[in-house]
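K.L.:
got a sequence here, can you build the structure:
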Amino acid sequence: MQSQDVAPRPPAASAADPVVDVEQAEAALVEHYPRLVRLAYLVLPPGLGRNRRVLSAHALVQRALPRGRTSTPVIPAQAAGHEGDPGYALVRLRVVRSALEAALPLRRRAWPKRSQLPPLLPQVWGLRLFPRSGGADELALDQRLSALSGPARAAYVLRGLEKLPDGDVRKVLAAAEVTTVDAALKEADGLAAQYALLDSPEFDPCSLQARPTDLMRRRQHTRAALVAGAALVVCGALLGLPGEGWAPDGAAAPPYAQNPAAQAALDPSRLTKVAPAAWEAASRRDFSVWPARGELTSDRALLRRALAVWARPGETVRVSATPGTPSGGPSGPPQLLYAGVVDNARLVILYDGLRIARYAEPKDGTAGAALDFARVDGATGAEASAVVLGRADGNVRYLMAPWVKKAAERDLMKPASGAMALTLTDGVASPLSGPAAQQSGCTSWNVLQVSDGTGTRLLSDLGELVPARLTLGRPGSVRDASGAKELRAWSPYACSLAAMRGQGVRTVNAWQYARQPLPGASGSADWVCTRAETWRGGGTRVLAQFHTPGGVYGAVTAQAENVPACGPRDPHVLAGVLWKSEAGSWYLLAAGSKDTASIRTTGGVKASGEGPLLTAPAEQGAQAELSGTLESGRVIDGLR
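P.N.:
Residues are numbered from 1 along each chain as shown. All right, here's what the predicted structure looks like:
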């Protein structure tokens with residue numbers, strides 16, 4: 001009995017089709033392995049679960065090699081530079097066909113296809129593997145893809161990931177034995193063309209997070225193998241206990257431990273709820289004085305699910321945490337900051353003194369629940385002014401601190417354009433366009449501007465739960481980037497914030513440490529150091545940037561991680577760049593902070609000079625090493 005979506009195998013390929021050797025197919029598979037695995041992961045049925053989808057995607061691609069010489073239909077390999085590669089076209093076709101076969105239901109009177117069975121290899125025992133979680137946009141797209149049929153999902157992915165026109169998509173689907181090609185394309189047309197999201201880490205089965213399977217259950221299963229009869233009795237008794245089964249906790253894993261502290265942390269009635277005016281009399285403005293807001297703060301079932309998933313997330317829950325943030329359960333009853341509906345999802349925001357935890361589930365169930373963590377210990381004032389509720393359609397929606405009087409959206413790259421006011425409803429700001437909405441290039445960088453009656457601050461969304469605070473000035477004496485002068489100073493370097501996404505960034509400071517005259521009376525260039533401080537202390541990222549007169553952007557000339565340079569502990573920096581004048585001559589330009597007594601270069605350019613600036617003739621492509629001597633006599637190296 002044949003499926004409605006997959007037809008019998010077609011007859012042998014035509015002799016006119018290009019013949020592919022197994023070596024040629026292997027070369028294409030190795031070269032494009034990450035892309036092929038992503039393609040398989042996206043086409044596989046989401047009902048398999050993320051762990052099995054990851055392993056199945058790798059297995060399908062690794063089994064996609066032909067056994068010998070074979071022919072493949074004349075279908076472009078990709079629109080992005082691999083046209084006419086029959087090896088890639090063949091491997092991709094076999095991957096798509098196998099992924100579609102995996103979605104077919106098992107039948108009683110037919111042997112299952114190999115792709116319909118769990119993969120024997122690769123296999124990882126004791127671990128659950130899943131891609132890194134993306135934002136609300138990726139979650140929503142994954143849910144919408146799961147609602148499509150297998151052929152429609154393949155059509156959408158071939159359009160978006162492979163950049164194939166509909167004519168070539170038809171050829172691939174037909175070659176993959178799909179009989180309902182027209183219906184598949186029509187069904188795929190009903191889904192918004194958010195093709196750029198297909199390249200996100202959410203759908204990358206080669207960049208994975210690992211979590212252990214339930215360790216206690218594993219040990220219990222081992223003992224159960226030795227005492228099977230007794231284990232059956234115990235398991236039956238546990239399953240019969242009221243209120244302790246799977247259903248009440250939604251997407252949470254089955255309970256594995258019973259102790260008073262754990263039970264207290266899972267009890268919605270013990271959640272801390274701060275009074276709305278408590279912050280006015282508090283000595284500190286931090287998350288501990290935020291009131292509980294949202295229309296679902298009394299929904300005990302929702303709160304219990306959020307607490308249970310935090311304590312023991314199930315296999316289908318997407319868990320993400322900023323670097324350095326523990327993802328374990330709360331040690332006691334946390335504080336409730338928000339519970340409500342935002343962008344077709346039920347959200348719960350919790351705080352335990354160290355972390356912000358956001359639990360999200362669809363309005364119509366718990367399938368596809370997500371749990372995100374961000375470290376916020378020591379956050380006060382501006383750093384505790386906003387939490388991301390969700391991201392949808394390129395927009396960001398924030399929950400604001402109770403002391404925030406006004407909120408606005410501002411384009412950091414257009415300092416003279418003014419700010420657009422956002423409405424605040426029970427602390428929830430109206431959506432603003434996030435910097436992540438940019439699909440190509442960097443033409444704008446929207447930030448959140450908050451005012452609390454004592455001043456104005458700028459916060460930038462860097463893909464985490466808490467936006468990063470933007471400051472300006474010499475390390476140790478920084479100020480908020482809020483005035484007209486500060487906005488103009490930040491404008492050329494706004495796009496460099498993209499390099500700091502997903503790093504657990506707390507603040508980003510921009511410091512203009514030097515101004516250097518350019519050869520040939522070409523004006524003066526600015527040297528700026530941007531330093532991102534993280535919540536965990538380590539993992540800092542430092543960029544040295546060079547901005548010439550009339551330029552829109554600052555060019556990154558050097559970068560380093562986990563170094564004290566350009567920070568409060570070591571407010572010194574030295575960097576250089578090869579620069580071409582309007583006359584066509586090349587120069588090495590180097591600049592250090594104002595207390596640099598001399599600069600010396602070695603390697604492809606040998607030069608030295610007194611003071612914090614150095615200009616030396618150079619050849620195009622020359623490589624040089626920089627070192628400087630401070631007025632104190634200390635020697636520093638160039639940032640790299």
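K.L.:
I'd say Leu302 and Leu296 touch.
P.N.:
Yes - between Leu302 and Leu296 there is a contact under CB atoms under 8 Å: 5.6 Å. C-beta: built from backbone N, CA, C; applies to glycine.
K.L.:
give me the common contacts of the two.
P.N.:
Residues touching both Leu302 and Leu296 (CB atoms under 8 Å, 6 or more residues apart in numbering): 339, 346, 348.
K.L.:
out of Leu302 and Leu296, which sits in the busier spot?
P.N.:
Leu302 (21 against 16; other CB atoms under 10 Å).
K.L.:
the more buried one sits in which helix or strand?
P.N.:
Using DSSP states H and E, Leu302 maps to helix 300-311.
K.L.:
can you give me the distance of Gln559 to Tyr513?
P.N.:
For Gln559, the distance to Tyr513 equals 15 Å [CB to CB, to the nearest Å].
K.L.:
please read the previous query as pertaining to Val466.
P.N.:
Distance, Val466 to Tyr513, using CB to CB: 28 Å.
K.L.:
rounded mean pLDDT for the strand ranked longest in the chain, please.
P.N.:
Looking across the chain with DSSP state E, the single longest strand is strand 505-517. Mean pLDDT, computed over strand 505-517, is 96.
K.L.:
so whatever helix or strand comes next after that strand versus strand 505-517, what angle?
P.N.:
Of the helices and strands lying after strand 505-517 in sequence (DSSP H and E), the nearest is strand 524-534. Strand 524-534 runs at 160 degrees relative to strand 505-517, counting by axes from the mean of the first three to the mean of the last three CA atoms, to 10 degrees.
K.L.:
ok so, going back, which strands or helices does the helix holding Leu302 pack on?
P.N.:
With contacts defined as 3 or more CB pairs under 8 Å, 6 or more residues apart in numbering; DSSP states H and E, helix 300-311 has these neighbours: helix 260-265, strand 335-342, strand 345-351, strand 355-362.
K.L.:
work out the gap between that helix and the centre of the chain.
P.N.:
Relative to its parent chain, helix 300-311 has a centroid offset of 24 Å by CA atoms, centre = their mean, to the nearest Å.
K.L.:
run the angle between that helix and strand 355-362 for me.
P.N.:
Going by the same axes, to 10 degrees, helix 300-311 makes 120 degrees with strand 355-362.
K.L.:
give me the sheet partners of the very next helix or strand once past helix 300-311 and which way each runs.
P.N.:
On the C-terminal side of helix 300-311, the closest following helix or strand by DSSP H and E is strand 318-321. If you go by DSSP bridges, strand 318-321 pairs up with strand 370-375 (parallel).
K.L.:
sheet partners, orientation included, of the following helix or strand past the strand it pairs with?
P.N.:
Sequence order places strand 386-392 as the next helix or strand after strand 370-375, per DSSP H and E. Its sheet considered, strand 386-392 pairs with strand 395-400 (antiparallel) by DSSP bridges.
K.L.:
contacts for the next helix or strand after the strand it pairs with, please.
P.N.:
Using DSSP H and E, the helix or strand that follows strand 395-400 in sequence is strand 406-411. Here strand 406-411 makes contact (CB under 8 Å, 6+ apart) with 398, 400, 417-422, 424, 429, 432-433, 444-451, 458, 487.
K.L.:
pLDDT averaged over strand 406-411 - what is it?
P.N.:
Here strand 406-411 scores 95 as its mean pLDDT.
K.L.:
same check on stretch 41-53?
P.N.:
For stretch 41-53, the mean pLDDT works out to 85.
K.L.:
could I get the buried residue list for that stretch?
P.N.:
By 16 or more other CB atoms under 10 Å, the buried positions in stretch 41-53 come out as 41-46, 48-53.
K.L.:
what distance do you get for Tyr493 to Gln545?
P.N.:
Going from Tyr493 to Gln545 by CB to CB gives 6 Å.
K.L.:
Three-state assignment for Pro279, please.
P.N.:
You called it Pro, but residue 279 is Trp. Secondary structure, DSSP: H, G, I helix; E, B strand; the rest coil: Trp279 is helix.
K.L.:
contact partners for the residue lying closest to it once chain neighbours are set aside?
P.N.:
The shortest distance from Trp279 to any non-neighbouring residue, by CB to CB, 6 or more residues apart in numbering, is to Val289 (3.9 Å). Val289 makes contact with 274, 278-279, 282, 402 under the criterion CB under 8 Å, 6+ apart.
K.L.:
for the stretch 151-300 of the chain, give me the ranges with low pLDDT.
P.N.:
Applying pLDDT under 70 to the stretch 151-300 of the chain flags residues 209-264.
K.L.:
one more time with 90
P.N.:
By pLDDT under 90, the weakly predicted segments of the stretch 151-300 of the chain are 162-163, 177, 192-267, 281-284.
K.L.:
all helices of it, in order?
P.N.:
Using DSSP state H, counting those that start in this stretch, the helices of the stretch 151-300 of the chain run over 166-175, 181-189, 215-226, 228-240, 260-265, 300-311.
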